[in-house]
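>>> have a look; sequence and predicted model below, questions after that.
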Amino acid sequence: MTARHYAMALLLACGSLSAAHARDTRLLVPLNDVIQMGLADGKLDGSVKFYLSGANTPAVQARLGEDVSNKKTNGVGKEDLTACRWVALSALIAFQESAKQKGANAVVDLHSFYKRKSFKDPVNVECHAGNVVAGVTLKGSYAKTR
């Protein structure tokens, strides 16, 4: 085996080791905690309400389309829960801005949609924290509610 072949084999082996040790920790984060953090920081303005699938929701007068928000954040040096709250807030901010553009005052049937798998919980959203990145994917419908 030449030195070049040896070096390539070593690189492939190292890549396999790091992939085998990749972390994907699942956390459940209370949506209300994220909303309160966003309101306190002024990142959410309260004009759009968020309702998880299965939670009590006001009567929907009109549905204005469905959307997915897939957000990631750098998790290096942050506790998983802290990174997950921030990335969930980023997803809510994206929904808030789109809802305003569509004339909606709510996002209903909101649920986690990590790797296109629905996870519905009336209290929590799902976050996945890795060695470097934390991510949240949410799916919901824009609506006008009473």
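Happy to help now that I have it.

>>> can you map out the helices along the chain?
3-20, 31-41, 80-102 (DSSP state H).

>>> which helices and strands does the top strand by length along the chain pack with?
If you go by DSSP state E, the chain has its longest strand at strand 60-74. Packing contacts for strand 60-74, counted by 3 or more Cβ pairs under 8 Å, 6 or more residues apart in numbering; DSSP states H and E, involve helix 80-102, strand 106-112, strand 133-145. (C-beta placed from N, C-alpha, C; glycine too.)

>>> show residues contacting stretch 58-73.
51, 83, 86-88, 90-92, 94-95, 98, 102-104, 106, 108, 113, 133-146 (Cβ atoms under 8 Å, 6 or more residues apart in numbering).

>>> neighbours around Leu92, how many?
26 (other Cβ atoms under 10 Å).

>>> shaky segments in this structure?
In the predicted model of the chain, residues 1-21 satisfy pLDDT under 70.

>>> distance check, Val136 against Phe119.
11 Å (Cβ to Cβ, to the nearest Å).

>>> so what sits against both of those two?
With Cβ under 8 Å, 6+ apart as the test, Val136 and Phe119 both reach Ser112, Glu126.

>>> who has more neighbours, these two?
Val136 (29 against 15).

>>> show me what contacts that one?
69-71, 84, 87-88, 90-91, 112, 114, 125-128.

>>> can you add neighbour count and distance to Leu27 and give those back as TSV?
Below are those laid out as TSV (neighbours: other Cβ atoms under 10 Å; distance: Cβ to Cβ, whole Å):
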residue	neighbour count	distance to Leu27
Ser69	20	18
Asn70	14	17
Lys71	19	15
Cys84	27	5
Val87	26	11
Ala88	31	10
Ser90	19	15
Ala91	25	14
Ser112	25	11
Tyr114	18	11
Val125	29	9
Glu126	23	7
Cys127	29	5
His128	21	8
